[in-house]
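> show me how the following folds:
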Amino acid sequence: MHFPELNEAQRRAVLAPIDKPILVVAGAGTGKTKTLTARITHLISQHNIAPSAILALTFTNKAAREMEERVASLISSSFYQQEKIGRTFHSLGVLILREQHRRLGIPKHFTILDESDKRSLIKEAMKYHDISTKEWEPKRISSLISRMKGLGTTAKDFQMGENPLHSVTKLVWTRYEELKSASNSLDFDDLLAKTYHLLKEDESIRTFYQKRWQYILVDEYQDTNRIQHEMLRLLLGDRGSFFAVGDGDQNIYSWRGADPRYILQFEKHFPNGDVILLEQNYRSTKNILSVAHHIISKNTERIEKTLRTENEEGEKVLFYEAYSGADEANWVAEKTDEYLSQGVSPDEIAVLFRTNAQSRLLEEAFLRRGIPYHVLGVKFFARKEIKDLISYLRAALNPASLADVKRVINLPKRGLGKTSIARIFAGREEELSPRARESYSQFLLLLEKIRKTAEEKQPSEIIRFIIEESGLRLLLERGSEDDRERLENMEELVSYASKYDGMENALEHFLEEVALLSDQDSLSSSEKSGGKVKLMTIHASKGLEFEYVFVTGLEQGLFPSERGDAQEKHEQEEERRLCYVAFTRAKKRLHLSYARRRMIYGQEFAQEPSEFLHDIPNELLEDDGDTIPTIQYDDEEPTYVDENGVERRSYLDF
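Okay, here's the model as predicted:
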């Protein structure tokens, strides 16, 4: 197979030696997924490597599914369909922990805590130690625990030092681990941390998985954190059969622990490895790429590359200077309306912003004009009614999961008040009133029915059974319009669950994927959000592309954001990478805007234009408005020429 559909650099990557480490530095829109899936196809079809010996890792279920589908379309082999090549790092952790649950002393059907479940246990641990949640923010303690686990540190090893936060965290963390253990639960960080420690400390298990996966591939390699990188090294052992694809210029998740040094220092970690650059962009116009290059080229911590394209020159980047945040939102809505009237599909238009708070004004402007829109980031699986159904199922499979039991024990109302529930959780059921005892007995019977159904039925049938038998359908059907919408969402979960019907270990796969869904794995691609303009943070836009993209709020302090009085260099460079990601989402036309005045925390502030705007040469910009200044340059401070031809130093100097 010679892969005629690939360009020369892509083909060189696909056909590179399979026994040595290869890093493919793939710029935005250069076909990295195509290259990665072609590499997997090459391993199977040309080297007769069994799919079961291949492990391809990425960061979202969406990306893993896309990888599977592309490989399946290239290989018409029935045996391939039975193998799961693509996984996220977290789902890999779940797989290993479930297979080795006896070795770890945990049940196979352990509960995976989401962020709100985790926060609840953190608060409970704080209460146990009489630590005030007002004086010590649970979110800060939770974040510190996550960061430490990402570095491979355990609660036992964590050093308090002289930092008061560390002393408090030490106490809370230890109790938090006890609470999780009692409820047979793990959090997201455990899925990686426990897997890492297991592989590190048990040579026989490490050898078992090294033999199982002979060839390892990683997508979005720039997003790996320390513990993921160490897991990879443990799984690889001394073998060189490693293939990574990534782009340091798109590393925007340092706040999640992603460390760009692993891609920047690839040849240090893998001395005999090769690096191949993909620089042919198939997505954007030349003008858009040129603007993006002027932004990212100022970073010093990067692998040097310049994207090129055979696409048309394209229109200039449209720039708008708004008087206020509301004016900016109205402009975005007006331009969007123009495109829609010209026949542009709403699905090809995206409005990006740095923070979620910026969406309010944009939503108001879209509502006034009657433009259908969808705000990405509102997760389907974070909805209360969906979490209720999942908690019913998890409580039936794992009665020790007190968080799940507590969530549904009185849903619908069963006459079990706080006092009754406290007695139940304390193991004092004999103190319940006769009515409460009967209600609790009926609840336990319901959980047992759900458990038996889960053993015999497919995932979609199980969810349908819970909706009916719990009484939730009857309750919501008789309720308000909002209640009926909640019921529709529950029925949507039945449809989602049907995708797993017929799979081997279907229920495990269903619960695993629901627990591990990321912000890009919501049902945003369903018909509920189809035919609508997308509004989202720049972080949520990564991996997506649209014909028309608006990047709003290009103001100093907002984008780039400022964390304190002086940003560290790596934070400054990450903001620039984030800008690069935003610009390269656009295929046909890019729109940039900023507001001279913006309401922040109830007060109106004068805003300065983003330094990113000053990096763009005038000839690449087209202004949209009567008083939009033309950006000029000198070595000290950006200047502009106003509508009267007068040169000024500040955009605010009117």
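> ends of stretch 110-117, how far apart?
Taking CA to CA, to the nearest Å, stretch 110-117 runs 14 Å from one end to the other.
> ok, stretch 105-117 next?
Rule used - CA to CA; the end-to-end distance of stretch 105-117 is 22 Å.
> may I see the buried residues of that stretch?
Across stretch 105-117, burial judged by 16 or more other CB atoms under 10 Å covers 106, 109, 110, 111, 112, 113, 114, 117. To be clear about C-beta, it is placed using only N, CA and C from the backbone, and glycine gets the same treatment.
> including secondary structure, distance to residue 141 and pLDDT, could those residues go into a markdown table?
Shown next, in a markdown table, are the buried residues of stretch 105-117 (DSSP: H, G, I helix; E, B strand; the rest coil; distance: CB to CB, whole Å; pLDDT from 0 to 100):
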| residue | secondary structure | distance to residue 141 | pLDDT |
| --- | --- | --- | --- |
| 106 | coil | 24 | 89 |
| 109 | coil | 28 | 84 |
| 110 | coil | 23 | 90 |
| 111 | strand | 21 | 89 |
| 112 | strand | 20 | 90 |
| 113 | strand | 15 | 89 |
| 114 | coil | 17 | 83 |
| 117 | helix | 15 | 86 |
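> and residue 534, what are its phi and psi?
Torsion angles at residue 534 (phi, psi; degrees, to the nearest 10) stand at phi -100, psi 130.
> state the pair within the buried residues of stretch 105-117 that is farthest apart.
The two members of the buried residues of stretch 105-117 with the most space between them (CB to CB) are 106 and 114, at 18.1 Å.
> residue 556 contacts residue 613, correct?
No. Here residue 556 does not reach residue 613: they are 9.4 Å apart, not a contact under CB atoms under 8 Å.
> make CSV from the buried residues of stretch 105-117 and add distance to residue 363 to it.
Output for the buried residues of stretch 105-117, formatted as CSV (distance: CB to CB, whole Å):
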residue, distance to residue 363
106, 44
109, 41
110, 39
111, 35
112, 32
113, 31
114, 26
117, 29
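> tell me the one of those nearest residue 599?
residue 114 (32.8 Å).
> rounded mean pLDDT for the longest strand anywhere in the chain, please.
For the chain, the strand with the greatest residue count under DSSP state E is strand 586-600. Taken as a whole, strand 586-600 has a mean pLDDT of 93.
> for that strand, which positions count as buried?
586-598.
> farthest-separated two in those residues?
587 and 597, at 32.2 Å, using CB to CB across the buried residues of strand 586-600.
> give me the low-pLDDT residue ranges for the stretch 401-550 of the chain?
Segments of the stretch 401-550 of the chain classed as low confidence (criterion: pLDDT under 70) are 517-530.
> let me fix that, I meant to ask about the chain.
Where the chain drops to pLDDT under 70, the residues are 1-2, 76-83, 377-379, 517-530, 563-567, 601-602, 625-654.
> let's see that with 50 instead.
Along the chain, segments meeting pLDDT under 50 span 78-80, 378, 519, 522-528, 564-566, 626-654.
> just how off-centre is the helix ranked longest in it within its chain?
The residue-count maximum for a helix in the chain (DSSP state H) belongs to helix 434-456. Relative to its parent chain, helix 434-456 has a centroid offset of 36 Å by CA atoms, centre = their mean, to the nearest Å.
> can you show me the CA trace of that helix as PDB?
Extracted C-alpha coordinates of helix 434-456, given in PDB (Å, rounded to 0.1, in the frame of the first residue of the first chain):
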ATOM      1  CA  PRO A 434     -42.400   2.200  60.200                       C
ATOM      2  CA  ARG A 435     -43.200   4.400  57.100                       C
ATOM      3  CA  ALA A 436     -39.600   5.300  56.500                       C
ATOM      4  CA  ARG A 437     -38.500   1.700  57.000                       C
ATOM      5  CA  GLU A 438     -41.100   0.600  54.300                       C
ATOM      6  CA  SER A 439     -39.900   3.300  51.900                       C
ATOM      7  CA  TYR A 440     -36.300   2.300  52.400                       C
ATOM      8  CA  SER A 441     -37.200  -1.300  51.800                       C
ATOM      9  CA  GLN A 442     -38.900  -0.400  48.600                       C
ATOM     10  CA  PHE A 443     -35.900   1.600  47.500                       C
ATOM     11  CA  LEU A 444     -33.600  -1.400  48.100                       C
ATOM     12  CA  LEU A 445     -36.000  -3.600  46.200                       C
ATOM     13  CA  LEU A 446     -35.900  -1.200  43.300                       C
ATOM     14  CA  LEU A 447     -32.000  -1.200  43.200                       C
ATOM     15  CA  GLU A 448     -32.100  -5.000  43.300                       C
ATOM     16  CA  LYS A 449     -34.500  -5.100  40.300                       C
ATOM     17  CA  ILE A 450     -32.200  -2.700  38.400                       C
ATOM     18  CA  ARG A 451     -29.100  -4.800  39.200                       C
ATOM     19  CA  LYS A 452     -30.900  -8.000  37.900                       C
ATOM     20  CA  THR A 453     -32.000  -6.100  34.800                       C
ATOM     21  CA  ALA A 454     -28.400  -4.900  34.300                       C
ATOM     22  CA  GLU A 455     -27.200  -8.500  34.300                       C
ATOM     23  CA  GLU A 456     -29.700  -9.600  31.600                       C
END
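> for residue 152, give me phi and psi.
Phi and psi for residue 152, reported as degrees, to the nearest 10, are phi 90, psi 10.
> could you measure it against residue 192, distance?
Remark: distance between residue 152 and residue 192 (CB to CB, to the nearest Å) = 9 Å.
> between those two, tell me which one has more neighbours.
residue 192 (23 against 16; other CB atoms under 10 Å).
> residue boundaries of the strands in the stretch 201-350 of the chain?
Here the stretch 201-350 of the chain has its strands, by DSSP state E, counting those that start in this stretch, at 215-218, 242-246, 274-278, 280-281, 308-309, 317-324, 349-353.
> among those strands, which comes closest to residue 228?
Of all the strands of the stretch 201-350 of the chain, it is strand 215-218 that lies closest to residue 228, at 8.7 Å by CB to CB.
> how about residue 554, what does it touch?
Listed by CB atoms under 8 Å, 6 or more residues apart in numbering, the contact set of residue 554 reads 592, 593, 594, 609, 610, 612, 613.
> look up which residues are beta-bridged to the first one.
Residues found in beta-bridge contact with residue 592 (criterion: DSSP bridges) are residue 319, residue 551.
> isn't it up against residue 322?
No. With contact defined as CB under 8 Å, residue 592 does not reach residue 322; the gap is 11.1 Å.
> state the helix or strand in which residue 482 lies.
Remark: residue 482 resides in helix 481-497, with elements defined by DSSP states H and E.
> could you report the neighbour count for the residue lying closest to residue 28 once chain neighbours are set aside?
Using CB to CB, 6 or more residues apart in numbering and skipping the chain neighbours, the partner closest in space to residue 28 is residue 584 (3.7 Å). By the measure other CB under 10 Å, the count of residues near residue 584 is 30.
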